[in-house]
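Participant: next one to model:
(chains A, B and C)
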Amino acid sequence: MTALLETKNLSVAFDTPGGPVHAVQDVNLRIDSGTNTGLVGESGCGKSTLGRAILRLLPENARISGSVLFNGTDLSTLSPKAMRDLRGRNIAMIFQDPMTRLNPLMRIRDHFIETIQAHDPRVEPEVAVERALKVLADVRVPSDRMRMYPHELSGGMRQRIMIALCLLFKPALLVADEPTTALDVILEAQILELLQSIMHEYEMAVLLITHNLGLVAEFADRVAVMYAGRIAEEGATVPLFREPRHPYTVGLLRSVIDLDTTKLYSVPGSPPSLLGESVGCPFYPRCEKRMDVCKTVFPEVRPVGEDRRMVECHLY
Amino acid sequence: MSRWVARGRTSVVGRLIGSFLSQSRTAAGIVVWIGISIVLGIIIVAIFAPFLAPFDPNTKVGAVEAPPGGPFLMGTDRSGQDVFSRILYGARIPLSIVAVATTLSLIIGLPLGLLSGYAGGRLDRALVLVMDSIYAFPGLLLAIAVAAIIGRGILNISFAIAVVYVPTYFRVIRNHVSSVKQEPYVEAAIALGMPSWRVIGRYVLPNVAQSIPVIFSVNAADSVLTEAGLTFLGLGLPPGIPDWGFDISLSWQRFEASWWATFYPGLFILILTTALTFIGEGLNDILNPLLRKSQKAAVEA
Amino acid sequence: MSEPLLDVRDLRVYFSVFRGFVQRMLGGGDAKVHAVDGVTFSIEPREVFGLVGESGCGKTTIAKTLVGLVRPTSGEILFHGKDVTRPNKRALFRLREEIQLIYQDAHAALSPAMSVGEAVADVLRTHGLPSEDGDRVRPESEEALRDAVYSVFDDVGLRPPGFFYDKYPDQLSGGQKQRVVAARVIALRPHLIVADEPVAMLDMSIRARILEFLMDLKARYQLTYLFITHDLATAKFVCDRIAIMYLGRIVEMGPSRTIYADPKHPYTRALLQAIPIPNPERRTKKVLPRGEVPNAVWPPAGCRFHPRCPVALPTCGWEGRDFIALLEERWLSSDLASREAAAGPPDAWKANELVVRRDVARENEKGVEGLVKEIVKEAGGPMAQAVYDIRVEDAQPPDWVAGVSYGLVAALFGGALWGLIAGFGGYVFGIVAVVIGWTVAAAVRRGAERVTPGIVGLGVVLTLLGVFVGDVTGLTIALWRLGFDISIVNVLAAYPIIVAASPGQAAIAYLFGLLGAAVAARRLRREMKEVRSVVVEFRRPDPLGPKEVEDRTVECLLY
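Facilitator: Got it, this is the predicted structure:
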């Protein structure tokens, strides 16, 4: 079975006046259709960049190397027009802040009409509106919101509309970049529930990018933990949480404050700068279990256990 | 109190200069350096004119309307005066007027902009109305009007020109202050019990300071032209003092016969304006992206 | 029984919403955001009191009010027993030495143009250095000031202090910046620190560090904290007592441990359930409240949470707006929407507190009434039980003054138009006013929500204006036709003379205008007789207030 999406040695570096910033390094990620994958990491670990690299939505000073295969096709071989077509039709993305992603000067129904006609110019506005209404019902937004402007709607409503816009073409993959970070906890739970129900109905795979481990635990089938641009550990959710292998994952899970926390823990030190070249494991200065070899040699990706569990650490 | 305000400012000035120097190899930096060199060159020439000029600019020293050549590097005008010497001496007036005028408009416009942006409300609306009305006037016309009222003299022209540029300072500073006022650090300063003058001087002003050098240079460039326009029209200066604009007014009707008497003053006006513009635009390219970058760094941190 | 450090009693903070002139006249006055709507709590010395809630619940407003950045609308704030609700400038300055605020976004709270050392030094310069006996002294020299800053930096863990003094905010990490913000505040030796989401913007792996740091400061400086957050998990760990806020009110308040073990208020329970647990083996089915936090300008009646509450009672505050929300939710399904179209669309219904009505033509009234009764019965639930009556009655007396004013805007144009076409004087336009007026009035009569003196005044002014324009235009045209080559400006200038010359005619013209408008309004009223209203009326909700239940206070009718 071919994977829906597969990245091979994907790296993204940004050209900055101070030198190259290696936001993403050597990432091999695989997403199967209809599955939920969580991409977890703290700020600056490169998860957003990775999400955008998949859709090729990176700024001009980004240098991509490695490949991204969607249903077997290497995305770098596509023309800009073909890529645009793919974006929105087959792979869709929702972002963190729904307010700034909707055009404040356009009514909601115009957003829908425009999106549909961008991919399919022959569609009549009335037909487009019909399709829009159907999708809106799926995301539980009343139809009278169609004639409103974005600023007249609440945050949760806007996020649902963003999701609806993505669903128009039944994409095979939805990349959600911190979709609930700006929302309150009850709203967050509602949106996530919505995503779950839509996933089943639309047979869609979801890549959930977030820093919230709780969300990933509740929602994802598989988890990839990112640190300093690399994937430190990856695997099915339940075994990974039950028995984390990479010291960073261990530290991260320990430092989460939830309702059962009795003692506070934080990982010492701070994330490394991604500027310039680096040697050795990026987690070395903060790792409790570090060894001498970790300082100079990049750890290889090693499988541990079954179900495609991978760790990038010298301990294994 | 002024000491504290100054300390806030000098450290900002220090950082601005520092960041400018660190960017001096870039295209924008080179442009600024070119501009600075030219302006400095002209200043030096103006100061040392008595030593550099071969002739006295106000006496007839040769044939009327002699073409460039021989002892007259740039020929003579229709009174037989050496154009080159007049160019050298003629740099003094524009430079001094522009310097005084732009400084004056800074001194007037900056505090008004700060006050208006910070206070808001009716005072702000009234001041903006006044400033916008002044701004709506074509610069040269306004300067002429003011000069006509207050009379001749270098200081008077400087003042007339200063009035034209006060609104630019005011607007930019006021808008910047309005947006900075909303920033959490200003609110934090108020919550910490800082009196208003302190908040404005130490928390608001340093953060709007980076707009100032740019407006300063751009205004200076524009005021060179305004000054030339005023003296060309014969306003403001006692006759006889060499000045580029004035010289053009003397010779432009004789352009076919002695193009050099008109051309060279015009050329130098152009050079000075362009050099000042280089400084302004280059600084703009350097200083504003830095502001944006430090904001972005904050977001990513 | 020691005195509480901070005592807040029935605090209300309302903000005015800016509305345009016309909107204000038609909608009746200024709308207010009820950010804090009657909050009462007290904080004991040395405790960590948590204020927990989602965004918009008012917790940040309370924080800003306590440090004097926002003025309360009503209520009392007592600090150390003294009333500090509306301090004057001097008192505010002193108060800021005792109550301080730590910000959520540490980077934004620091001026980018100032080194962090300077930022702290500035505070000490303004307030003076704290001395042993609690007084403040002017720093004697720059060195003394610098030393004071160094010692504060040392206290907050920014070591070596000399290294950090000259750093600018963009050169520090998130955790370091938060320490600087804390340093700036600690330098004043306050008694109460309001911490507004101090760790929300920090990564999880360093949150613990900053929380420990804050607790450490508390121990060392005998501080009291008001800890504001939306993260229940952090609040549970850090706080001794917490108050849960929703839309400007406290819904549950008590010792932290027991609230988490046994949450009483449905909102508290919902919040706790919604928190994602980082343990995939404990995925539970969640019962989430419907919808989102509503607008704070028109908070729901009774218990503010009732429209979303999964266990609401019929007496919790159901009102007209909730019925409209029900219709909206029902008609998300398109076949229900088409089957019940006669009762829709949702914006045909107008809610006015406990009553909601929809205009219906006389011949359809029975059908629609029946349909509405069906819908309510089928929907069931506490809201259906809260419905007192469903009936049909005469439509509301028409907003005829509004009708007049709108009709006369039409008259304005009508008069000018008529003058243009016929060249007659303005008094004929009264007839035009009738024709055009009632059409427009019928169309826009929904525009005004309430009759206010403003509308009456507007109506009169517009009438007179309409006559005036019509008259001037008519005269001008008439004169042109007679061959006079004059402009409308001349006629305007000469108008007073013309009126004085024939006051009777002018009077007739203006009176005709007013008459035309009145006729339009009567026509409107008669038309309204053909229109009836289907009305749904709700029962009065039970009064609601905080109640002592076991070891805490809860505001809920379930108890």
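Participant: now the strands for the stretch 201-350 of chain C?
Facilitator: C:224-229, C:241-246, C:249-255, C:349-352 (DSSP state E, counting those that start in this stretch).
Participant: looking at the ones you listed, which has the lowest confidence?
Facilitator: Lowest mean pLDDT within the strands of the stretch 201-350 of chain C: strand C:349-352, a mean of 84.
Participant: surely C:Val194 and C:Ile102 touch.
Facilitator: Yes: C:Val194 lies in contact with C:Ile102 (Cβ atoms under 8 Å); the separation is 7.1 Å. For every residue, glycine as well, the C-beta is placed using N, CA and C.
Participant: the more surrounded of those two?
Facilitator: C:Val194 (29 against 24; other Cβ atoms under 10 Å in any protein chain shown).
Participant: contacting residues around the more buried one?
Facilitator: Counting by Cβ atoms under 8 Å, 6 or more residues apart in numbering or on different chains, C:Val194 touches C:Ala63, C:Leu66, C:Val67, C:Ile99, C:Gln100, C:Leu101, C:Ile102, C:Tyr225, C:Leu226, C:Ile228.
Participant: do B:Lys60 as well
Facilitator: So B:Lys60 contacts B:Ser79, B:Gly80, B:Gln81 (Cβ under 8 Å, 6+ apart).
Participant: measure it to chain C for me?
Facilitator: Remark: distance between B:Lys60 and chain C (Cβ to the nearest Cβ, to the nearest Å) = 58 Å.
Participant: again with B:Asp82
Facilitator: 51 Å.
Participant: was I right to think that residue contacts B:Ala66?
Facilitator: No: if you go by Cβ under 8 Å, B:Asp82 and B:Ala66 don't touch, sitting 9.2 Å apart.
Participant: out of the strands of the stretch 201-350 of chain C, flag the one nearest C:Val311.
Facilitator: Closest of the strands of the stretch 201-350 of chain C to C:Val311 is strand C:249-255, at 13.5 Å (criterion: Cβ to Cβ).
Participant: any part of the closest one near chain A?
Facilitator: No: Strand C:249-255 is not in contact with chain A by Cβ under 8 Å from any Cβ of the partner chain; minimum separation 13.6 Å.
Participant: sheet partners, orientation included, of that strand?
Facilitator: Take DSSP bridges as the rule and strand C:249-255 pairs in its sheet with strand C:241-246 (antiparallel), strand C:552-554 (antiparallel).
Participant: in CSV: those, plus mean neighbour count and distance to C:Pro263.
Facilitator: Formatted as CSV, the strands paired with strand C:249-255 follow (neighbours: other Cβ atoms under 10 Å in any protein chain shown; distance: least, Cβ to Cβ, whole Å):
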stretch, mean neighbour count, distance to C:Pro263
strand C:241-246, 26, 8
strand C:552-554, 21, 10
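Participant: start from the N-terminal end of chain A and give the strands.
Facilitator: A:5-16, A:19-27, A:30-31, A:36-40, A:62-70, A:73-74, A:91-94, A:173-177, A:205-210, A:222-227, A:230-236, A:301-303, A:310-312 (DSSP state E).
Participant: need the buried ones from the contacts of B:Lys60 selected in ChimeraX.
Facilitator: Entered in ChimeraX, the line below selects the buried ones among the contacts of B:Lys60, by 16 or more other Cβ atoms under 10 Å in any protein chain shown:
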select /B:81
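Participant: mind giving me the packing neighbours of the helix ranked longest in chain A?
Facilitator: Longest helix in chain A by number of residues (criterion: DSSP state H): helix A:185-202. For helix A:185-202, the elements it packs on are helix A:155-167, strand A:205-210, helix A:213-219, helix C:266-274, judged by 3 or more Cβ pairs under 8 Å, 6 or more residues apart in numbering or on different chains; DSSP states H and E.
Participant: okay, A:Phe70 and A:Thr77: tell me how far apart.
Facilitator: 11 Å (Cβ to Cβ, to the nearest Å).
Participant: between these two, which one's more packed in?
Facilitator: Remark: of A:Phe70 and A:Thr77, A:Phe70 carries more neighbours, 20 against 9, as counted by other Cβ under 10 Å.
Participant: residues in a beta bridge with the more buried one, which ones?
Facilitator: Per DSSP bridges, the residues bridged to A:Phe70 are A:Leu5, A:Thr73.
Participant: just checking, it touches A:Arg30?
Facilitator: No: look at A:Phe70 against A:Arg30 with Cβ under 8 Å: they stay out of range, at 11.7 Å.
Participant: overlap of the contact sets of these two?
Facilitator: Joint contacts of A:Phe70 and A:Arg30 (Cβ under 8 Å, 6+ apart) are A:Leu5.
Participant: need the strands of chain A in CSV with mean pLDDT, can you?
Facilitator: Converted to CSV, those look like this (pLDDT from 0 to 100):
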stretch, mean pLDDT
strand A:5-16, 89
strand A:19-27, 88
strand A:30-31, 90
strand A:36-40, 93
strand A:62-70, 89
strand A:73-74, 86
strand A:91-94, 89
strand A:173-177, 92
strand A:205-210, 93
strand A:222-227, 93
strand A:230-236, 91
strand A:301-303, 84
strand A:310-312, 88
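Participant: how about the ones you listed in CSV, adding distance to A:Gly280?
Facilitator: Shown next, in CSV, are the strands of chain A (distance: least, Cβ to Cβ, whole Å):
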stretch, distance to A:Gly280
strand A:5-16, 17
strand A:19-27, 13
strand A:30-31, 26
strand A:36-40, 23
strand A:62-70, 21
strand A:73-74, 31
strand A:91-94, 34
strand A:173-177, 30
strand A:205-210, 27
strand A:222-227, 13
strand A:230-236, 12
strand A:301-303, 15
strand A:310-312, 12
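Participant: for the residue of the stretch 201-316 of chain A at minimum distance from chain C, give me the pLDDT.
Facilitator: As assessed by Cβ to the nearest Cβ, chain C sits closest to A:Gly214 within the stretch 201-316 of chain A, at 3.0 Å. What the model reports as pLDDT for A:Gly214 is 90.
Participant: ditto for the one 3 residues further on
Facilitator: pLDDT recorded at A:Ala217 is 91.
Participant: B:Asp132 versus that one, what's the distance?
Facilitator: Counting by Cβ to Cβ - A:Ala217 and B:Asp132 are separated by 58 Å.
Participant: for C:Ile62, same thing?
Facilitator: 40 Å.
Participant: who's more crowded, the two?
Facilitator: Per other Cβ under 10 Å, whichever of C:Ile62 and B:Asp132 has more neighbours is C:Ile62, with 27 against 12.
Participant: is the strand or helix carrying the more buried one anywhere near chain A?
Facilitator: Following DSSP states H and E, the helix or strand that holds C:Ile62 is helix C:59-66. No: against chain A, helix C:59-66 shows no contacts by Cβ under 8 Å from any Cβ, the least distance being 12.1 Å.
Participant: OK, contacts around B:Met74?
Facilitator: Contacts of B:Met74 by Cβ under 8 Å, 6+ apart are B:Pro68, B:Asp82, B:Val83, B:Phe84, B:Ile87, B:Trp260, B:Tyr264.
Participant: no wait, C:Leu110
Facilitator: Taking Cβ under 8 Å, 6+ apart as the definition, contacts of C:Leu110 comprise B:Tyr185, B:Ala188, C:Val116, C:Ala119, C:Pro169, C:Lys177, C:Val180, C:Val181.
Participant: point out where chain C drops to low pLDDT.
Facilitator: C:1-2, C:18-30, C:132-135, C:395-471, C:473-474, C:477-478, C:481, C:501-531 (pLDDT under 70).
Participant: per-domain residue ranges of it.
Facilitator: Chain C breaks down by automatic domain parsing into domains covering C:43-64+C:87-274, C:400-534.
Participant: how near is C:Gly56 to chain B?
Facilitator: Using Cβ to the nearest Cβ, C:Gly56 is found at 18 Å from chain B.
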